[in-house]
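From the sequence below, what's the structure:
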Amino acid sequence: MEKQQKKVRNSYRRNSAQSTEELLRALDQASAEGWQLVKVGSFRIHYKKDPNARYRYQMDCRSVDDWERYQAFFREQGWEHVCSSLGGAHFFRKPWDPSLPEEAYEIFTDLESRQQFRSRLSKGALLCCIASALNAVIYGSFLLEKYNIPDLCRALCWALGAAWWGWRVWNTRHPDPARKKRRVWSAVLSILTVLVMLASLGGMLWG
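This next block holds a predicted model:
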């Protein structure tokens, strides 16, 4: 039986203008190949198979107070809401018509709404960074009283977590250049964090 759903890695999470355009082009291309968007997650993009439809996608980042009125505004322009991300990005689609000009597939997304979106992501990552750093300090203080492997592992784990979230804050506030190099550093920090978490679990069982 032919696969009806698929998930692909989401490598477009930094909300730069370049990354957003790449994501929208990827969604348009997938739709042309018969894969229609279901959800944009933090790590995966979900599609379902529907070769009988083809859409063009757009993303809006503004903060919404009246959701019904917001959706009605886009419906009047022919846009259908597909999903929203945890960070507040809203994805819309419109049936593709080759006779329509390119301007028919544009929506108003001003610079201020993009900046507000980055600000929300940055604040959330900053809170996680502070919480992780505080936990690292707490477990580090335990080591001053009595050295032991479990607390050492926990302190290292939280310290690496703080570094990872701090890296996310920096990426959100400086979103454009050197995306490939940043992905490498993010992967290194993630792997180190997982390894220390496993070591921490082993230390607790051993201790």
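
pull the helix or strand with minimum mean pLDDT from the protein.
Counting by mean pLDDT, DSSP states H and E, the weakest-scoring helix or strand in the chain turns out to be helix 179-206, with a mean of 61.

May I see the domains of the protein written out as residue ranges?
Recorded structural domains for the chain (assignment: automatic domain parsing) are 5-109, 114-206.

Serialize those to JSON lines and add fields for mean neighbour count.
C-beta here means a position set from N, CA and C on the backbone, and glycine is covered the same way. Shown next, in JSON lines, are those (neighbours: other CB atoms under 10 Å):
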{"stretch": "domain 5-109", "mean neighbour count": "15"}
{"stretch": "domain 114-206", "mean neighbour count": "16"}
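
Out of these, which gets the lowest mean score?
For the domains of the chain, the stretch scoring lowest in mean pLDDT is domain 114-206; its value is a mean of 71.

in this structure, which spans are strands?
Shown for the chain, the strands assigned by DSSP state E span residues 5-9, 35-40, 44-49, 55-60, 80-84, 90-95.

Between the ones you listed, which one is closest to residue 123.
strand 80-84 (17.9 Å; CB to CB).

which helices and strands does the closest one pack with?
Using 3 or more CB pairs under 8 Å, 6 or more residues apart in numbering; DSSP states H and E as the contact definition, the elements that strand 80-84 packs against are strand 35-40, helix 67-75, strand 90-95.

List the strands paired with it, with their directions.
Strand 80-84 has the following strand partners under DSSP bridges: strand 90-95 (antiparallel).

what's in contact with the strand it pairs with?
Contact partners of strand 90-95, identified using CB atoms under 8 Å, 6 or more residues apart in numbering, comprise 27, 31, 36-37, 40, 53-62, 64, 74, 78-85, 104-105, 107.

what about 7 Å?
Outside of strand 90-95, the residues within contact range by CB atoms under 7 Å, 6 or more residues apart in numbering are 37, 40, 55-60, 74, 78-84, 105, 107.

Pull the distance from stretch 38-49 to the chain's centre.
From the chain centre to the centre of stretch 38-49 is a distance of 11 Å (CA atoms, centre = their mean, to the nearest Å).

er, stretch 83-94 actually
Distance, centroid of stretch 83-94 to centroid of chain: 11 Å (CA atoms, centre = their mean).

cool, stretch 127-141 as well?
Offset of stretch 127-141 from its chain centre (CA atoms, centre = their mean): 23 Å.

for the strands of the chain, which one sits closest to residue 160?
When the strands of the chain are compared by CB to CB, strand 5-9 sits nearest residue 160, at 22.5 Å.

how far off strand 35-40 does that closest one point, in degrees?
Here strand 5-9 points in a direction 60 degrees away from that of strand 35-40 (axes from the mean of the first three to the mean of the last three CA atoms, to 10 degrees).

Who are the packing partners of strand 5-9?
If you count contacts as 3 or more CB pairs under 7 Å, 6 or more residues apart in numbering; DSSP states H and E, strand 5-9 packs onto strand 44-49.

Adjacent strands (with direction) for the strand it packs on?
For strand 44-49, the paired strands and their directions (DSSP bridges) read strand 5-9 (antiparallel), strand 35-40 (antiparallel).
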